[in-house]
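>>> A predicted structure for the sequence below; I have some questions about it.
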Amino acid sequence: MASIPRLGLVAATVLHACAWSVHAQESATPAASDPTQLPELRVRSNAMQETATGPVGGYRATRSATATRTDTPLKEVPQSVSVIGAEQIRDQNAQTLQEVLRYTAGVHAEVYGLDNRGDWFTMRGGSEGSTLLDGLRLPLSGWYGVVRNEPYAFERVEVLRGPASVMAGQNGPGGLVNLVSKRPQPEAQREISVQLGNHQHQQLAADLTGPVDAEGRLLYRLVALTRDSGTQVEYADMERQYVAPSLTWKPTPGTHFTAYLQYQRDRSRNTEGFFPVEGTLHDRPGGRIPLERFVSEPDWDTYGGRRWRTGWELEHRLDEAWTLRHHLRHDDVEGALRSMYANYWEGYRPDGRNIGRTWYASDDEGRITNADLMLEGRLRIGGVQHTLLTGVDAMNARSSRRYWVGAANDIDVYHPVYGNFPHPELTPATMDEPSSGSSRVRQYGLLLQDQMKFGERWVVVLGLRRDRAKTTSSQAGNSSSDVAWTKNLGVVYLADGGWAPYASYGESFEPVAGFNEAGSFRPKRGKQFEAGVKWAPDDRPVTATAALYTLRETNRKMDDPEDTGSREIQRGEVTVKGLELSFNGRLQAWDLVANYTRTETRDRSTGKRLPNEPEQSASVWAVHRFDHLGLRGVKAGLGVRHIGKTWDGSDTFTTPSATLLDAMAAWNTGSWVYALNIGNLADKTYLVACQERGDCWYGTRRKIVATASYRF
């Protein structure tokens, strides 16, 4: 790996200074005379009561189950893990998964900018990150009309970097994001909030939880939200309705059963134009294409769908050593697309103003069932504490698609005129048969894991998994079946002062959808070596991590350079090397999140850098509480995000870097909380990606949202 650049040295210095500051503040003033000590005592109390799936005290989590499927202290996990709690999500007013992840090391969250078609993000070298919901795989539901994840519904969002198939099953080499749902709590907490913002943003949300009976054996939670908002793109409005009730029953101290139901409906219009490089990245005689340009037809365009989700979670303690867990979830999804995009590959018409368009239409349905059954044992054998885990998980997904495509009339990208598009006839006779059809995916996994703690210093984690995945598709008229073993090994040394150096090896396995001329695609595989150090002192509300890794990926799918857009092939081998630094927690009156990422990528078959992956990125989010100045309940924050330049995949041209500012202010007065959030404070226009194939994507402009919340 190349030497760490100046920006990396600055980030490392900042992290070291933060650690020194914590030590200094502990010895500078007696706790009894320092009024800032009371909030710290409260945070430590929350941390002591924290569980791997429960609320996070402030910005710093101490436990997680994403990497091990057991409730484990983060410093005993020999992998790089970040936890984003509900308080941080609320302070940053993150309303998409991309916004939740943009202050996280190792994650490129703005892959396609303000793209309303899905939750797109990449991890460690441009591998699309996999998503879990409460530990179970969350597959993409259908081709189009995807119902996206709602951040208000989550207690915490956890990021596990690197191959993790032993715990997560079939997932990409870059890592995964585990969304942990809000569940019923034993103490009553109720909130109703209203939001107003620019682009005609309006939102009403509620989060209500507490006991139903006096004994606390029956608990409830209701999370609901309705949103109606415009965007920076003309005509591209967005609507969402979300409601999620859940009940937890605790018949005995060692048994609890949670049943839940969820309904979500999304509707939006197209926010992406697929505009050519000329007129976005490069100047041209007609000028830049306006960022607000809507490329489709307002009276025809629509995107989104509805999702019903139901399931349960059961945990039963068999005795003092053994616990049985079972989860089941079923999703029923319907989605639709009616839209069009610019024909970037054709360029401009001779008048230099008009661009051709292609219209697309799709109706999609999906039925996805996930389940697992896990047995955990905590035993002491010969002086070694073992946390044993064995179990099975499975997924059965059925999906169908009706797809239409055709040529539309041109659009003047500088002065568009809408309403001249004759709506196509969408019938079975006019469907695009090669792209229509049904598919079924069946996946099964068996895992074994042993977390061994030798005395008070050494932790060794061993994991082994067997996966089987079978895909059948009516489009190709055939099926594929993949079987794989994956393993992981890690070791942690628990040193004094909260320091924990670690090293690990991990593997991943992910079936690749589709078929080529030789038959089905080969599964994508990943192998990674990682070494790092964590600092998580028991008596201070801070956590810091530094990680170095080398990742090798095989069989990544790509467009055939000899038949771009029509045929796909698989790469031979991709290598990624990286450095990640992160710090989060509380320093006196400050809540702080700081990250730095350096990534070096290489396609071994071409020798080129991988597309759309910043070589460097960094971010700092700092919130200051003004109680010590007599402004009780007042806090304000500022965030800085630097997204480094990216390449197109052929090292021909680059997308420039961008540095963005975010800000917030809040006032907590009794039962009321008032907040103001501004994203992209300077309203900077920037590009997030330009593809080798010839199209570019704009980033998100300034976003202003005011929130009033009543808690009772």
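Structure's in. What do you need?

>>> was I right about Val673 contacting Phe712?
No: between Val673 and Phe712 no contact is recorded; they are 11.8 Å apart, counting by CB atoms under 8 Å. C-beta coordinates here come from the backbone N, C-alpha and C atoms, glycine included.

>>> helices and strands of this protein: which one bottoms out on pLDDT?
helix 37-48 (a mean of 38; mean pLDDT, DSSP states H and E).

>>> mind checking how far the helix or strand just after it is from the chain centre?
As assigned by DSSP states H and E, the chain's next helix or strand after helix 37-48 is strand 63-64. Centre-to-centre, strand 63-64 and its host chain are 17 Å apart (CA atoms, centre = their mean, to the nearest Å).

>>> can you check stretch 165-182 too?
That offset, for stretch 165-182, works out to 10 Å (CA atoms, centre = their mean).

>>> show me the shaky parts of the stretch 151-300 of the chain.
Judged against pLDDT under 70, the stretch 151-300 of the chain has no low-scoring part.

>>> what pairs with Val576 across the strands?
Leu551, Thr601 (DSSP bridges).

>>> who has more neighbours out of Val673 and Phe712?
Val673 (18 against 9; other CB atoms under 10 Å).

>>> host element of that one?
Under DSSP H and E, the secondary-structure element containing Val673 is strand 672-679.

>>> now do that strand: which elements does it pack against?
Here strand 672-679 touches strand 658-669, strand 703-711, going by 3 or more CB pairs under 8 Å, 6 or more residues apart in numbering; DSSP states H and E.

>>> for the record, mean pLDDT for that strand?
The predicted model assigns strand 672-679 a mean pLDDT of 98.

>>> still on that earlier bit, so can I have a markdown table of the helices and strands packed on strand 672-679 showing distance to Leu225?
Listed next are the helices and strands packed on strand 672-679 as a markdown table, based on distance: least, CB to CB, whole Å:
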| stretch | distance to Leu225 |
| --- | --- |
| strand 658-669 | 20 |
| strand 703-711 | 13 |
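
>>> can you add mean neighbour count and mean pLDDT and give these back as a markdown table?
Formatted as a markdown table, the helices and strands packed on strand 672-679 follow (neighbours: other CB atoms under 10 Å; pLDDT from 0 to 100):
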| stretch | mean neighbour count | mean pLDDT |
| --- | --- | --- |
| strand 658-669 | 17 | 97 |
| strand 703-711 | 17 | 98 |
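
>>> which one, of those, ends up nearest to Val576?
Nearest to Val576 among the helices and strands packed on strand 672-679 is strand 658-669 (22.3 Å), distances taken as CB to CB.

>>> export stretch 466-476 as PDB, just CAs?
Provided in PDB are the C-alpha atoms of stretch 466-476 (Å, rounded to 0.1, in the frame of the first residue of the first chain):
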ATOM      1  CA  ARG A 466     -22.100 -24.200   4.300                       C
ATOM      2  CA  ASP A 467     -24.400 -22.400   1.800                       C
ATOM      3  CA  ARG A 468     -26.600 -23.700  -1.000                       C
ATOM      4  CA  ALA A 469     -28.400 -21.400  -3.400                       C
ATOM      5  CA  LYS A 470     -30.600 -22.400  -6.400                       C
ATOM      6  CA  THR A 471     -32.000 -20.000  -8.900                       C
ATOM      7  CA  THR A 472     -34.500 -20.800 -11.600                       C
ATOM      8  CA  SER A 473     -35.600 -18.300 -14.200                       C
ATOM      9  CA  SER A 474     -38.300 -18.400 -16.900                       C
ATOM     10  CA  GLN A 475     -36.400 -15.800 -18.900                       C
ATOM     11  CA  ALA A 476     -33.500 -18.000 -19.700                       C
END
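
>>> let me see the mean pLDDT of it.
Over the span of stretch 466-476, the pLDDT mean works out to 83.

>>> gap between that stretch and the chain center?
The chain centre lies 26 Å from the centre of stretch 466-476; the measure is CA atoms, centre = their mean.

>>> ranges for the helices of the stretch 151-300 of the chain?
Remark: helices assigned in the stretch 151-300 of the chain by DSSP state H, counting those that start in this stretch are 165-168.

>>> ignore the last one, the stretch 1-150 of the chain
Using DSSP H, counting those that start in this stretch, helices in the stretch 1-150 of the chain cover 6-28, 37-48, 86-91, 97-101.

>>> could you list the low-pLDDT ranges of the chain?
Ranges of the chain meeting pLDDT under 70: 1-48, 140-144, 475-477, 513-520, 558-568.

>>> about what we covered before: looking at the helices and strands packed on strand 672-679, which is nearest to Leu328?
strand 703-711 (33.1 Å).
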